[in-house]
Structures are given as structure tokens and as C-alpha cells.
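> Fold the following for me, if possible:
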Amino acid sequence: MTNKIIVGTRDSKLALTQANKVITKLNSIYPDLEFKTLKVKTKGDILENHPIESFIGKGFFVKEIQEMLLAKKIDIAVHSLKDLPVDPIPGLELSAILERDDPRDALILSSKFKSKIDLNNLTICTSSNRRKSQLLRIYPNVIIKSIRGNVDTRLKKMEDGYCDGIIISAAALFRLGLVDKISHTFENNEIISAPGQGAIALETREDNIKIKKIVTSINHKNTSLCVNVERSFLKELEGGCTAPIGAFAEINNDVISLTGHISSFDGKKHITNQTASQYNNSDKLGITLAKQMLRDGGDKILSEVRGK
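Got it, this is the predicted structure:
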């Protein structure tokens, strides 16, 4: 192995910030290694004016990076975990998860509003069906518009009058130094976050043992355990990142608890449930909750969602 390690990432300010965070952590442990970023344009980046639902298949923010990894053009792939499909790619391995930043969703209102107000009859932008459905449950008369592009593009569109506010992950705003723009952060009883939200994932080739050893050195055990539970819940429901599904797991006093949410697109039909287990006995936690919620009516909601 050479001393230069190539780290692949999407070509956006947020993605590069995340890749640099990874490199800083790795350099603190391996100061003699040289890490270089390689920016990769994904289908989701190229077609940023198209709604997410128009893309065929899953992985439209990661596929091109994974292909570079398989082709040995990069050694490590850095992803926002919520963008990574739950079905593994043959030959690749999810080798580390960084400690999760704030997993919640955040509301940014236009500068014409001084503070969070009743959102009914306001125009709020989001490209996420999960956020849309849960916001409609809270504010039935809110007007939802789709929006794509990087964070700066979305903020500019809002201030130019395209909408009254936007919803973005709190972790993204934290990493970009934009926390001061947050008008409100949604708690779990308002909007349940996407599985894996707020976590940065590192993917490597299965056969590259040396790189895997380097990468696993920065894995955060508790975050990894929580997001794996969330993703197993999502996988059991056979949901992609465009489905209105939320899941959040956390650990307190050696107990891991999981909250799951299934919703129709309009938010009128929804199920939220919770379960918990001991920290060292959580392998089936996500699967168990998913099966229970499917029996409780989640199967009918998801059938309707997939039929649209």
C-alpha cells in the first residue's frame, strides 16, 4: 500500500466538509499517511433540477462513488449515511460510522419572519417525502413545494421569494456553520428523522484489508449500533430513501430504544411505535418493530405509497 490514500466524495461544499472531517480524524491516528480527496459527480448532483421521485432506482447520490471504489480509483468512499441504500453492494463494505451529529430536522424561515410561527398557509420547501408527510400531519394547511440543489442554492431561492421556509438536516447546517439560521429544530414527537440521518459513513472494498483496518479505527461503536438498528427497520419495510419512513435509535444506560414511523404521502395515515432492548441484545430490534408496525396497518399504508 502506498502512503497516499484517495478519498472519494460528492462535489458539494457539505460533502467536502464531511470528507475533510474524515481525513482530519484519520490523520490524527495515521500522521504518516497522505489523504487526498477526489470529487465525484453523482446522478443526483447532475440532475439537481429533477424531483428525487423521478429517478429510477436507488443510490442516486452514491452509485458513481461506489463504482469508482470498485474500479480501485479511490480507496475510501465518504457518504451521508441516509443516502446509502440498505442493500450492500457485492465487493464493498460499510467499514466505519463517525459519531453522529444532531439527527433532527431543522426549519429555516425567510428573513421576513422573526421567529417560528404557525406554518399553516405558509409555503415550505423540502425534497423529502418523509419531511413532507410529517409536516402535513402537524400543519394540514401548509403548502409544500419541492426544492433541490445545495444548501446555499436553497437558501438563496428562499430569500428570492420562492418559499417562506425550508427544512434541512440540522447536522448539515452544523457542519456548514449555519446553525444561527435555524428558526426551529423539530423534536422526535414532531418529525422523526430518516434512518442514519446525521451520520457519516465510510465504505471500502471488502478485499482491501489494510484500508479497512485504517478506516475502522475511527468507527464510533454506539452510533454504528444505533444506525444499524434504524437501517434494519428500513430494510425490513423495503423502503428506499424516498419513502415516508422515519426511524431513530438512541442508547441510554445500556438500553437501546427505537422509534419508527410510517406515513402516507399526505400525512393523513400514519403509525408511530417504539420498542427497546438491552444494548447487547439489539440485533433483531429493527426487524421486530418493523414487523409489528406492518401488522398494525403499516403494510396497507406502504402498499398505497408504492402504488402511487
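> which residue ranges form the helices in the stretch 151-300 of the chain?
151-159, 170-175, 209-216, 221-236, 285-293, 299-307 (DSSP state H, counting those that start in this stretch).
> Of these, give the one that comes closest to Ile245.
Judged by C-beta to C-beta, the one of these that comes nearest to Ile245 is helix 221-236, at 6.0 Å. All C-beta atoms are positioned from the backbone trio N, CA, C, and that covers glycine.
> What is the closest one packed up against?
On a contact count with 3 or more C-beta pairs under 8 Å, 6 or more residues apart in numbering; DSSP states H and E, helix 221-236 meets strand 92-97, strand 245-252, strand 255-263, helix 285-293.
> Buried residues in the first one, which are they?
So the one you mean is strand 92-97. Using 16 or more other C-beta atoms under 10 Å as the test for burial, strand 92-97 gives Glu93, Leu94, Ser95, Ala96, Ile97.
> Tell me which residues touch the residue nearest the centre of the chain, please.
When the chain is reduced to its mean C-alpha position, the nearest residue by C-alpha atoms, centre = their mean turns out to be Lys82, at 2.5 Å. Contact criterion C-beta atoms under 8 Å, 6 or more residues apart in numbering gives Ser169, Ala194, Pro195, Gly196, Gln197, Ala199, Cys241 as the residues in contact with Lys82.
> Please repeat the previous calculation with a cut-off of 10 Å.
61, 103, 128, 130, 169, 171, 193-199, 201, 227, 230-231, 234, 241 (C-beta atoms under 10 Å, 6 or more residues apart in numbering).
> now Val215
With C-beta under 10 Å, 6+ apart as the criterion, the residues that contact Val215 are 5, 22, 26, 75-76, 93-96, 202-204, 208.
> Adding pLDDT and distance to Asn219, write those out as a markdown table.
Below are the contacts of Val215 laid out as a markdown table (pLDDT from 0 to 100; distance: C-beta to C-beta, whole Å):
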| residue | pLDDT | distance to Asn219 |
| --- | --- | --- |
| Ile5 | 97 | 17 |
| Val22 | 98 | 12 |
| Leu26 | 98 | 12 |
| Asp75 | 98 | 16 |
| Ile76 | 98 | 13 |
| Glu93 | 96 | 12 |
| Leu94 | 97 | 10 |
| Ser95 | 97 | 7 |
| Ala96 | 98 | 4 |
| Leu202 | 98 | 8 |
| Glu203 | 98 | 12 |
| Thr204 | 98 | 12 |
| Asn208 | 97 | 16 |
